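Novice: pasting the sequence and the predicted model now:
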Amino acid sequence: MSKFELVPTSKGKQYLFFEKQFFYKLKPTDQNGITIWRCRLYYDKDIRCKILLRSNNEGEVVSLNGQHDHFEKDVNIVEPLMKNVVQQIKEKLNSARAPLKKTFEQTLNN
Ligand SMILES: [Zn+2]
């Protein structure tokens, strides 16, 4: 089974990142621990990608119902990394008691 990565979005939700594509959660996790995700580019009016992905509670991709046909829009690997960094900075700022400057330095030096 293939592993995926969860990436925080700016809206406090999560994207699933798998094989260079982002997916957003289509339905909440069911009683069997299966979550259904849809390709983010479903929202791109020129693409309307309808690929669905199922994941389980072990962090594995269970199934993919087809292949994306928009490889020219592959996600740059920097994008999920940046989203994670931004989220980490936000979390540190939220819980910060130390002066902000120190918080930033700690985050950037990690
Ligand atoms: Zn797609």
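Specialist: Yes, it's here.

Novice: which outside residues touch stretch 99-110?
Specialist: 88, 89, 92, 93, 96 (Cβ atoms under 8 Å, 6 or more residues apart in numbering). In this view, the C-beta of every residue, glycine as well, is placed from N, C-alpha and C.

Novice: and that stretch, which residues are buried?
Specialist: Counting neighbours by 16 or more other Cβ atoms under 10 Å, one finds that the buried residues in stretch 99-110 are residue 103.

Novice: which of the contacts of stretch 99-110 ranks first by neighbour count?
Specialist: Highest neighbour count within the contacts of stretch 99-110: residue 92, with 16 neighbours (other Cβ atoms under 10 Å).

Novice: how does the chain divide into domains?
Specialist: The chain breaks down by automatic domain parsing into domains covering 1-74, 76-110.

Novice: the ion is nearest to which of those?
Specialist: The ion lies closest to domain 1-74 among the domains of the chain, at 3.1 Å (Cβ to the ion).

Novice: ok, is the closest one in contact with the ion or not?
Specialist: Yes: if you take Cβ under 5 Å from the ion as the test, domain 1-74 does meet the ion, through 39, 41, 49, 51, 68.

Novice: between which two of those is the distance greatest?
Specialist: Taking Cβ to Cβ as the measure, the residues of domain 1-74 next to the ion span a maximum distance of 8.6 Å, between 41 and 51.
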